[in-house]
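K.L.:
Pasting the sequence and the predicted coordinates here, then a few questions.
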Amino acid sequence: GRTDEESRGKRKRKKERKGDRRDERHEEKSAKTELRGEMKIFIAKGRATDASEGKRDQAKRIHDRLVGTPPSIACLDQLEVQVTAGNAYEAALDVINNVEACTDPSFYNVTLKNFITPWTNEEQSVFAPLNDYTATVIGIIRDNLDFREVLYGNILYIGGNGVSPGYSNSSNAHYEAMEEQGANLADPDQLSKRTQTEITGLPDAATAGIITTRAAARAFFIDGTNRAMFRFTLLNHLCTDLEQIKDPTRAHDRVPQDVARSPGGDSRIFMNACVGCHAGMDPLRQALAYYDFEYPDGNPDGGRLVYNTSDVETDNDGKPTRVQRKYLINANNFEFGYVVTDDQWENYWRAGPNSALGWAPSLTGKGAGAKSFGMEFAHSEAFARCQVEKVFKAVCFRPPEDSQINTLVTDFKDNGYNLKNVFAESATYCKGD
């Protein structure tokens with residue numbers, strides 16, 4: 001009997017153990033099901049968070065690339081809403097135009113100043129004070145003007161709100177005071193548009209955008225033969241240097257007397273090296289023949305731009321002329337060379353390999369003075385591409401790809417050569433994924 005009882009006890013305990021294991025398996029299965037549900041919810045929330053953080057990161061990157069400093073929380077919230085809605089370009093314009101919560105003026109005071117300042121000096125240094133060249137380019141961009149006017153417009157931006165000292169033809173103190181006083185260059189009341197004729201006294205026909213600003217004259221008309229002004233206009237606004245466009249196949253009938261035809265007694269040097277630049281450069285440089293930068297001995301910072309409106313100079317034959325003396329120096333280097341008698345210029349590079357710069361067919365390729373000269377450069381295809389390349393590289397820290405630059409150049413032209421839009425589009429390209 002004891003054996004039967006023990007057997008029944010064993011069977012009962014075995015049955016209880018099986019029941020316990022079933023309960024354990026059921027609980028384990030329920031726990032796994034619950035965990036899978038929780039994981040799905042967690043992953044879904046994580047994906048939503050990642051997407052949200054991605055849009056916020058893009059908004060911050062747009063701000064950082066344009067302004068150079070982190071945005072306020074309110075500004076970042078505003079930009080995130082725009083980016084999330086697919087309006088990254090509008091977000092970039094909010095940053096640039098200081099819309100609503102995005103009030104930092106550093107796009108103008110810092111980003112644009114550092115972008116433009118290297119154009120204003122031969123050293124191409126960013127470490128230079130604000131000047132009329134830089135301020136005028138900033139104003140043109142801020143006010144959505146046709147950027148081509150940078151090379152031929154009767155335009156000048158000066159400080160407002162009674163900045164002291166006022167503008168001077170012989171000092172940069174006005175702009176240095178603006179910088180020291182922290183003028184908000186995004187504010188039209190603190191950086192106002194005027195004409196060069198009104199402020200500097202230049203005749204309208206003699207004005208040529210930044211070419212005829214005091215800062216440009218101080219850097220590129222000073223001493224020399226005005227070839228520096230030609231070269232740096234080419235370099236800064238067509239992104240091309242003379243070495244890149246040497247063309248010895250052009251006629252050299254307008255190369256002046258100061259260029260020796262047999263340097264070191266070897267005429268091959270002139271024909272194979274010198275003529276490649278001078279044949280095209282000198283007929284164009286003649287546009288600047290009435291300009292100079294005069295200054296007191298030893299004090300170039302106290303100098304001023306001079307433009308001859310009449311025959312106040314004397315040529316090498318003792319006759320009166322309007323042409324600056326610098327154009328007539330070193331005549332004995334080659335006495336049979338060309339003699340500059342006026343400011344009539346011609347673009348020999350419209351033919352030959354440099355026609356690839358895309359000179360405007362609507363213009364004639366010849367004229368008189370700096371204004372029409374500036375227009376010849378500004379209406380070229382190379383000018384448009386140069387501006388886009390510079391902006392994209394400044395914003396994205398890399399050169400644009402061919403497809404990107406072609407799209408941006410087309411948009412730049414279609415939008416009336418508005419360079420502000422190029423900054424916004426470039427920031428949109430570089431916002432990241």
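P.N.:
Everything's here; your move. Numbering: from 1, shown residues only.
K.L.:
contacts, neighbours, all on C-alpha from now
P.N.:
Will do.
K.L.:
Just confirm Leu234 contacts Ile245, I think it does.
P.N.:
No - using Cα atoms under 8 Å, Leu234 makes no contact with Ile245, being 10.4 Å away.
K.L.:
Residues touching stretch 341-358, excluding its own?
P.N.:
245, 247, 249-251, 279-280, 283-290, 321-323, 359, 365-369, 373, 380-382 (Cα atoms under 8 Å, 6 or more residues apart in numbering).
K.L.:
Which among those count as buried?
P.N.:
Neighbour counting by 16 or more other Cα atoms under 10 Å classes 247, 250, 279-280, 283-290, 321-323, 359, 365-369, 373, 380-382 among the contacts of stretch 341-358 as buried.
K.L.:
which ones among the contacts of stretch 341-358 are found in helices?
P.N.:
Counting by DSSP state H, the part of the contacts of stretch 341-358 found in helices is 279-280, 283-285, 369, 373, 381-382.
K.L.:
can you put the residues you listed in TSV and add pLDDT?
P.N.:
Listed next are these as TSV, based on pLDDT from 0 to 100:
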residue	pLDDT
Ala279	97
Gly280	98
Pro283	98
Leu284	98
Arg285	98
Gly369	98
Phe373	98
Glu381	98
Ala382	98
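K.L.:
Which one of those residues is nearest to Gln196?
P.N.:
Gly369 (15.9 Å; Cα to Cα).
K.L.:
Find the nearest non-adjacent residue to the closest one, please.
P.N.:
Ala287 (4.4 Å; Cα to Cα, 6 or more residues apart in numbering).
K.L.:
What of Asp247?
P.N.:
Nearest residue to Asp247, sequence neighbours excluded (Cα to Cα, 6+ apart): Gly276, at 4.4 Å.
K.L.:
doesn't Val255 make contact with that neighbour?
P.N.:
No - contact criterion Cα under 8 Å: Gly276 and Val255 do not qualify, at 10.9 Å.
K.L.:
that older thread, using TSV, lay out the ones in helices among the contacts of stretch 341-358 together with distance to Ala394.
P.N.:
Listed next are the ones in helices among the contacts of stretch 341-358 as TSV, based on distance: Cα to Cα, whole Å:
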residue	distance to Ala394
Ala279	34
Gly280	31
Pro283	34
Leu284	30
Arg285	30
Gly369	33
Phe373	28
Glu381	20
Ala382	18
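K.L.:
I'd like to know which of the residues you listed is nearest to Thr410.
P.N.:
Nearest member of the ones in helices among the contacts of stretch 341-358 to Thr410, counting by Cα to Cα, is Glu381, at 10.6 Å.
K.L.:
What sits closest to the closest one if chain neighbours are left out?
P.N.:
Closest residue to Glu381 apart from its sequence neighbours, by Cα to Cα, 6+ apart: Gly358 at 4.6 Å.
K.L.:
count of neighbours near that neighbour?
P.N.:
Look at Gly358: counted by other Cα atoms under 10 Å, it has 15 neighbours.
K.L.:
go on, Ile96?
P.N.:
Neighbour count for Ile96, taken as other Cα under 10 Å: 25.
K.L.:
Now do the helices in the stretch 51-200 of the chain.
P.N.:
Counting by DSSP state H, counting those that start in this stretch, the stretch 51-200 of the chain has helices at residues 73-84, 88-97, 106, 113-116, 132-142, 173-180, 196-200.
K.L.:
Out of those, which gets nearest to Val259?
P.N.:
helix 132-142 (30.9 Å).
K.L.:
Off-centre distance for the closest one?
P.N.:
The chain centre lies 11 Å from the centre of helix 132-142; the measure is Cα atoms, centre = their mean, to the nearest Å.
K.L.:
for stretch 142-160, same thing?
P.N.:
With Cα atoms, centre = their mean, you get 14 Å for stretch 142-160.
K.L.:
distance between the ends of it?
P.N.:
15 Å (Cα to Cα, to the nearest Å).
K.L.:
Name the residues of that stretch that are buried.
P.N.:
Here stretch 142-160 shows 142, 145-160 as buried, counting by 16+ other Cα under 10 Å.
K.L.:
So which of those belong to strands?
P.N.:
Residues of the buried residues of stretch 142-160 located in strands (DSSP state E): 156-159.
K.L.:
now, among these, which is nearest to Asp241?
P.N.:
Comparing these against Asp241 with Cα to Cα places Leu156 closest, at 26.9 Å.
K.L.:
Any regions of the protein where pLDDT drops low?
P.N.:
Scanning the chain for pLDDT under 70 picks out the ranges 1-53.
K.L.:
Tell me which residues touch the nearest residue to Leu238 once chain neighbours are set aside, please.
P.N.:
Nearest residue to Leu238 in three dimensions, chain neighbours excluded: Phe383, at 4.7 Å (Cα to Cα, 6+ apart). By Cα under 8 Å, 6+ apart, the residues touching Phe383 are 237-239, 377.
K.L.:
Now do the host helix or strand of the residue nearest to Asp247: distance to the chain's middle.
P.N.:
Element membership for Gly276 (DSSP states H and E) is helix 275-285. Averaging C-alpha positions (Cα atoms, centre = their mean) puts helix 275-285 27 Å from its chain's average.
K.L.:
Need the residues that contact whatever helix or strand comes next after it.
P.N.:
As assigned by DSSP H and E, the chain's next helix or strand after helix 275-285 is strand 291-294. The contact list for strand 291-294 (Cα under 8 Å, 6+ apart) reads 217-218, 221-223, 226, 300, 303-308, 324.
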